[in-house]
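J.: After the sequence you'll find the predicted model.
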Amino acid sequence: MKVVVAVDSFKGSISSFALGEAIELGVKNIYPESEVLKVPIADGGEGTIEALVQGTNGEIIEISVKGPLMKPLMAKYGIMGDKKTAVIEMATASGLPLVSIKERDPSKTTTFGTGELIKDAIKRGCREFIVGIGGSATNDGGLGMLQALGYKFLDKNKNELHGCGESLEKVISIDDSNVIKELNECKFLVACDVDNPFYGERGAAHVYGRQKGASEEMVLSLDRGLQTFANTIKKLLNKDINISGGGAAGGLGGGFAAFLNSTLEPGIDIIIKEVNLLSHIKDADFVITGEGRIDFQSVMGKAPTGVSKLCKANNIPVIALAGSVADDAVATHDYGIDSIFSIMNSPMSLEDAMDSENTKKLVKKNTEEIFRLIKVCENKFKIK
């Protein structure tokens with residue numbers, strides 16, 4: 001029997017790689033001679049760096065960057081096994097959890113640290129980039145990131161503006177004379193799992209500004225800034241950035257589209273392609289996928305249904321494991337997940353449920369029980 005494990009991390013609890021090891025133990029306790037192939041995956045958010053670095057025998061780099069409020073912090077990114085592709089999660093440098101609740105202010109926060117990660121990777125020889133842009137604390141349209149890469153955004157008096165949300169409506173001209181020269185050799189594949197435009201009622205500020213600390217008045221101001229900046233880009237660069245995905249990460253998607261050689265794609269599609277999942281599952285008897293919580297949102301570009309759709313197209317049964325399974329998770333059955341199991345066997349506190357050692361034990365135990373049932377059915381009904 002061949003089993004492929006392609007599970008996303010259980011956010012805040014355990015990595016994709018560790019989950020794969022626990023599942024492998026559970027399978028082999030019932031089928032000792034089975035082949036269990038572990039393929040770490042993610043959907044472009046948390047866990048993307050580990051999934052692609054571990055899946056390609058790459059390395060993790062950690063450097064000091066400026067955080068969302070320009071305070072120094074340590075952030076990491078990955079370089080894949082090919083030594084030329086960098087994997088960056090913008091949230092590690094510019095994410096919402098990096099800012100205390102009382103300090104959250106998307107008119108002041110910046111993506112500058114994300115630009116510093118890109119700059120460091122370029123210096124190390126990377127020219128291909130995979131960038132996950134979920135979980136931002138920012139609404140700067142990418143100004144901060146671009147500033148770190150050498151762009152200068154100037155007001156009507158030719159003064160350089162700080163790369164933050166309140167500067168957007170003040171940009172009159174752009175100075176690219178100090179942009180790092182290697183940037184034009186780089187290609188950016190941007191993992192973007194939302195379709196919000198740059199500005200407007202469904203734009204970055206209106207949809208996501210409040211959760212980042214914006215007042216109602218600030219939301220309107222930020223949206224005006226995004227629209228003004230988009231019009232400036234249209235005038236100066238003849239590019240329309242009010243596109244699907246342009247509003248991701250506070251307009252960072254639009255910033256990539258305007259200034260960098262970039263393509264925006266769903267995160268799970270990028271990961272599946274990069275880890276070459278199709279070649280791994282072709283002769284599999286079962287594929288095991290999952291994430292921390294499976295619910296109706298899992299069909300919206302999340303890792304489990306990205307995996308299951310691929311398996312469904314190749315007629316491979318899919319079993320999903322999760323810490324929590326919502327009633328509306330039945331929607332995932334239409335996307336190729338054949339059966340869903342929660343690993344929770346008894347009531348426990350959230351703290352105990354999130355403990356990584358507990359999670360490993362529960363995953364292993366429930367995997368064993370699933371494959372015990374498979375073995376009974378195999379013997380009784382003479383199935384494969």
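T.: In hand now; what should we look at? Remember, it's a predicted structure, so these values are computed and weren't measured experimentally.
J.: Rounded mean pLDDT for stretch 115-127, please.
T.: Confidence for stretch 115-127, expressed as mean pLDDT, is 98.
J.: Could I get the buried residue list for that stretch?
T.: 115-122, 126 (16 or more other CB atoms under 10 Å). C-betas here are computed from N, CA, C, even on glycine.
J.: can you give me the helices in the chain?
T.: 16-30, 48-56, 91-94, 112-123, 143-148, 204-208, 216-237, 248-259, 267-274, 277-281, 303-313, 350-354, 356-381 (DSSP state H).
J.: mind checking which of those is nearest K38?
T.: helix 16-30 (3.5 Å; CB to CB).
J.: Of all the residues in the closest one, which ones are buried?
T.: 16-28, 30.
J.: Only alpha carbons, please: show that helix as CSV.
T.: Output of helix 16-30 as CSV, limited to C-alpha atoms (Å, rounded to 0.1, in the frame of the first residue of the first chain):
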residue,chain,number,x,y,z
SER,A,16,3.1,20.0,8.3
PHE,A,17,6.3,18.0,8.6
ALA,A,18,5.7,16.8,12.2
LEU,A,19,2.1,15.9,11.3
GLY,A,20,3.4,13.8,8.4
GLU,A,21,5.7,11.9,10.8
ALA,A,22,2.8,11.2,13.2
ILE,A,23,0.6,10.0,10.4
GLU,A,24,3.3,7.8,9.1
LEU,A,25,3.7,6.1,12.5
GLY,A,26,0.0,5.5,12.6
VAL,A,27,-0.2,3.9,9.1
LYS,A,28,2.9,1.7,9.6
ASN,A,29,1.6,0.4,12.9
ILE,A,30,-1.2,-1.2,10.9
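J.: Could you tell me how many residues sit around N178?
T.: Here the number of neighbours of N178 (other CB atoms under 10 Å) works out to 10.
J.: ok, it - contacts?
T.: 150-152 (CB atoms under 8 Å, 6 or more residues apart in numbering).
J.: let's see it at 10 Å
T.: Taking CB atoms under 10 Å, 6 or more residues apart in numbering, we find N178 in contact with 149-152.
J.: closest one to M74 among the helices of the chain?
T.: Minimum separation from M74 across these (CB to CB) falls at helix 91-94, 9.1 Å.
J.: Against which helices or strands is the closest one packed?
T.: Helix 91-94 sits against strand 59-66, strand 72-79, helix 112-123, helix 143-148, helix 248-259, with contacts defined as 3 or more CB pairs under 10 Å, 6 or more residues apart in numbering; DSSP states H and E.
J.: Which segments of the protein make up each domain?
T.: By the assignment in automatic domain parsing, the chain contains the domains 2-41+276-381, 48-268.
J.: looking at those domains, which has the lowest confidence?
T.: Per-stretch mean pLDDT for these is lowest at domain 2-41+276-381 (a mean of 92).
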